[in-house]
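1. build me a model from this:
(one chain, ligands or ions: 2)
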Amino acid sequence: MPHENTTAVILAAGKGTRMHSDKPKVLQTLLGEGMLHYVAAAANAVAGRVLTVVGHGADQVRAAYPALAEGFVEQLEQKGTGHALQVAWERVRQSGATHCLVLNGDAPLVAAEDLEELIGTAQEGADIAFLTTTLPDAGAFGRVLRGAEGDVTGIVEAKDFDPAVHGADTGEVNTGLFCLSVAAVEDALFSLTSANRAGEYYITDLVGLGVQAGLKVHALRREGALDLLGVNSPLELAQAEERLRAGIAERLLASGVRLHQHGQVVVGPRAAIEPGAELTGPCRILGDTSVGRGARVGAFCQIADSVIDAGAEVREYCHLENAHVAAGAVAGPFTRLRPGADVGENARVGNFVEMKKASLGPGAKASHLTYLGDTSVGAGANIGAGTITCNYDGVHKHKTEIGAGAFIGSNTALVAPVCVGAGALVAAGSVITKNVPDGALAVARGRQANIEGRGKKS
Ligand code: UD1
Ligand code: CA
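-> Ligands and ions are numbered 1, 2, ... in the order given. Okay, the predicted model is just below:
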């Protein structure tokens with residue numbers, strides 16, 4: 001249960017220069033979701049309210065996360081992590097929370113359990129609780145300084161760290177996760193200065209200031225907690241993504257999902273795969289996708305925001321986006337289902353068939369080389385190889401309706417808007433521009449003429 005007395009602040013205004021991308025850093029994706037998705041999910045699990053400080057690319061971040069809309073705070077100039085918290089502080093106070101949990105937006109592997117522990121420490125009386133970990137090489141992370149008794153005395157950022165002044169590097173670093181008593185830290189927060197090499201207001205200076213002011217400062221130390229450290233480069237992003245992927249694959253296996261080549265099965269955090277489903281890698285199943293019991297997804301498929309019902313089969317090399325494959329239906333190999341594609345129960349959609357805003361009724365078939373756009377196909381109809389719905393006149397899209405049990409001969413062009421009645425038959429090679437009544441035979445092609453004596457001079 002979230003702690004109602006705790007307001008979380010996610011710092012997400014930075015540029016992320018080291019990512020070499022125009023996209024705001026927190027929108028860099030892992031398993032199809034931006035970093036902010038993961039951080040916000042962890043924060044929401046433990047805190048009563050979540051505020052997100054945005055700045056660089058603020059409009060893009062706002063647009064990508066409408067669910068966080070109420071909690072956005074804009075940091076117009078990025079003057080450092082301490083400044084980011086100052087900008088959000090008025091909203092923290094307004095929320096009435098006694099505690100403020102601070103997270104870095106670029107640490108997507110943070111887990112709710114770590115946050116729970118930190119909140120627990122703060123609620124037991126620490127004015128400033130923060131999480132640290134120890135690395136073989138402290139790299140660019142903030143160094144945690146401790147006194148002779150082992151008590152924390154401050155954090156020094158890598159750029160400012162000098163063993164001659166600060167003592168030998170112990171490898172203990174700041175993870176960037178803090179839980180603060182709102183009442184106790186306010187004075188220290190607004191007395192931060194930018195007197196450091198980067199000329200920024202560092203949230204990490206709160207620790208030293210807090211100690212000097214006699215606040216209770218508690219560092220929770222975790223050994224080797226790589227997961228808590230942020231992602232600062234394409235390499236770290238790839239490593240974090242792989243850790244998340246492997247974790248999800250392991251959870252799926254434990255729950256009863258069968259995975260082949262499990263090291264290459266990529267399932268996003270929002271996808272729901274039921275026990276008894278079977279996935280073969282390499283494949284990517286992302287976004288808000290569900291795969292039912294007994295359903296199978298073959299290798300080389302990319303599936304996003306789609307519903308695959310129990311017992312359906314998506315064979316190798318399919319591309320699905322916002323599509324539905326009903327129970328008993330078979331798609332692929334090599335099928336492209338674009339938004340609004342709906343393959344009905346026991347229907348069949350085969351190789352090099354593309355569907356967009358199109359439905360195949362129960363038991364209908366479109367087995368080869370076909371485009372169905374803005375089309376409904378009735379139950380049991382058969383769409384011959386090479387059938388194309390001509391749905392676009394260059395300005396508008398038009399609909400095609402094909403009745404139950406109709407048979408469309410190979411290489412037919414259906415020029416929309418047009419209806420083919422139930423049980424009708426369209427001859428192969430036809431260009432259909434007029435409606436075909438139920439049960440009728442439509443032939444719309446040039447007649448064949450056989451001329452004797454090919455190639456002989458008279
Ligand atoms: C920060 C910590 C460092 C810690 C490390 C852990 C500081 C000064 N340093 O360093 O001690 O070891 O995280 O990963 O806090 N941000 C803003 N506004 C700003 C600047 C940054 O919102 O003006 C956000 C960034 O978008 C990012 C987060 O704050 O999500 C952390 O900033 P970043 O520049 O990545 O800090 P690090 O150098 O990683
Ligand atoms: Ca960082």
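2. distance between the host helix or strand of residue 178 and the chain's centre?
-> For residue 178, the enclosing helix or strand under DSSP states H and E is strand 172-181. A distance of 27 Å separates the centroid of the chain from that of strand 172-181, by Cα atoms, centre = their mean, to the nearest Å.
3. so which elements touch that strand?
-> Secondary-structure packing of strand 172-181 (3 or more Cβ pairs under 8 Å, 6 or more residues apart in numbering; DSSP states H and E): strand 99-104, helix 112-123, strand 128-134, strand 143-146. All C-beta atoms are positioned from the backbone trio N, CA, C, and that covers glycine.
4. nearest residue to the residue in the chain that ligand 1 sits nearest to in space, please, no chain neighbours.
-> Of all residues in the chain, residue 142 sits closest to ligand 1, at 2.2 Å by Cβ to the nearest ligand atom. Distances taken as Cβ to Cβ, 6 or more residues apart in numbering put residue 174 closest to residue 142, at 3.9 Å, once the chain neighbours are dropped.
5. check the contact between the one you found and residue 132; I expect there is one.
-> Yes. Under the criterion of Cβ atoms under 8 Å, residue 174 makes contact with residue 132 at 6.0 Å.
6. what sits in contact with each of those two?
-> Common neighbours of residue 174 and residue 132 (criterion: Cβ atoms under 8 Å, 6 or more residues apart in numbering): residue 144.
7. next, count neighbours for the nearest residue to residue 206 once chain neighbours are set aside.
-> Excluding its sequence neighbours, the residue lying closest to residue 206 (Cβ to Cβ, 6+ apart) is residue 188, at 5.3 Å. Neighbour count of residue 188, defined by other Cβ atoms under 10 Å: 22.
8. residues in contact with residue 188?
-> 206, 209-210, 213, 215.
9. kindly report the same for residue 241.
-> Contacts here follow Cβ under 8 Å, 6+ apart; on that basis residue 241 touches 30-31.
10. please apply the same query to residue 361.
-> Applying Cβ under 8 Å, 6+ apart, we find residue 361 in contact with 344, 347, 376-381, 404.
11. please repeat the previous calculation with a cut-off of 7 Å.
-> 344, 347, 377-379, 381, 404 (Cβ atoms under 7 Å, 6 or more residues apart in numbering).
12. determine which two of these are furthest apart.
-> 347 and 404 (12.2 Å; Cβ to Cβ).
13. the two: who's more crowded?
-> residue 347 (26 against 17).
14. which one is the more buried one nearest to, not counting chain neighbours?
-> Once flanking residues are discounted, residue 347 sits nearest to residue 360: 4.2 Å by Cβ to Cβ, 6+ apart.
15. verify the contact between that neighbour and residue 349 for me.
-> Yes. With contact defined as Cβ atoms under 7 Å, residue 360 counts as touching residue 349 (6.2 Å).
16. and the strands in the stretch 1-150 of the chain?
-> Listed in chain order, the strands of the stretch 1-150 of the chain (DSSP state E, counting those that start in this stretch) span 3-12, 29-30, 33-34, 47-54, 72-74, 99-104, 128-134, 143-146.
17. quick one: contacts of the third one?
-> Think strand 33-34. 26-28, 64, 268-269.
18. pick out the most distant pair among these.
-> Maximum distance among the contacts of strand 33-34 (Cβ to Cβ): 16.9 Å, for 26 and 268.
19. quick one, which of the two is more surrounded?
-> A direct count of neighbours by other Cβ under 10 Å for residue 26 and residue 268 places residue 26 higher, at 31 against 23.
20. surely that one and residue 61 touch.
-> Yes. Proximity of residue 26 to residue 61 meets the contact threshold set by Cβ under 7 Å, at 6.3 Å.
21. now the common contact residues for the two.
-> 12, 36.
22. so who does residue 150 touch?
-> Contact criterion Cβ under 7 Å, 6+ apart gives no residues in contact with residue 150.
23. which pLDDT value belongs to it?
-> At residue 150, the predicted lDDT confidence score is 92.
24. for residue 201, see how far away it is.
-> 28 Å (Cβ to Cβ, to the nearest Å).
25. residues contacting the residue in the chain that ligand 2 sits nearest to?
-> Closest contact between the chain and ligand 2, by Cβ to the ion, is at residue 230 (3.5 Å). Counting by Cβ under 7 Å, 6+ apart, residue 230 touches 104, 106-107, 176.
26. wait, is it part of a strand?
-> No. Using DSSP: H, G, I helix; E, B strand; the rest coil, the secondary structure at residue 230 is coil, not a strand.
27. tell me how far it lies from residue 138.
-> 14 Å.
28. cool, residue 316 as well?
-> For residue 316, the distance to residue 138 equals 46 Å [Cβ to Cβ].
29. quick one, which of these two is more surrounded?
-> Counted by other Cβ under 10 Å, residue 316 and residue 138 do not tie: residue 138 has more neighbours, with 18 against 15.
30. below-threshold pLDDT in this structure: ranges please.
-> 456-458 (pLDDT under 70).
31. how about 90 then?
-> 1, 15-22, 223-227, 232, 454-458 (pLDDT under 90).
32. enumerate the residues of the protein near ligand 1.
-> By the rule Cβ under 6 Å from any ligand atom, the part of the chain lying against ligand 1 is 11-14, 25, 53, 55, 75, 78-81, 83-84, 104-107, 141-142, 155, 157, 173-176, 202-204, 229-230, 232.
33. at 5 Å what do you get?
-> Contact residues, the chain versus ligand 1 (Cβ under 5 Å from any ligand atom): 11, 13-14, 53, 78, 80-81, 84, 104-106, 141-142, 174, 176, 202-204, 229-230.
34. quick one, which of those residues are buried?
-> Neighbour counting by 16 or more other Cβ atoms under 10 Å classes 11, 13-14, 53, 78, 80-81, 84, 104-106, 141-142, 174, 176, 202-204, 229-230 among the residues of the chain next to ligand 1 as buried.
35. any figure for the gap between residue 198 and residue 423?
-> When residue 198 is compared with residue 423 (using Cβ to Cβ), they lie 76 Å apart.
36. what about residue 169, how many residues close to it?
-> So residue 169, with other Cβ under 10 Å, has 14 neighbours.
37. so it lies in a strand, does it not?
-> No. Assessed with three-state DSSP, residue 169 is coil; it does not lie in a strand.
38. max-length helix in this structure?
-> In the chain, with assignment by DSSP state H, the single longest helix is helix 234-255.
39. show me which residues of it are buried.
-> 236-237, 240-241, 244-245, 248-249, 252.
40. and for stretch 348-361?
-> Here stretch 348-361 shows 348-351, 353-361 as buried, counting by 16+ other Cβ under 10 Å.
41. related to what we said a few turns ago, check contacts around the residue of the chain closest to ligand 1.
-> Neighbours of residue 142 in contact, by Cβ under 7 Å, 6+ apart: 155-158, 173-174, 204.
42. many thanks, I have nothing further to ask.
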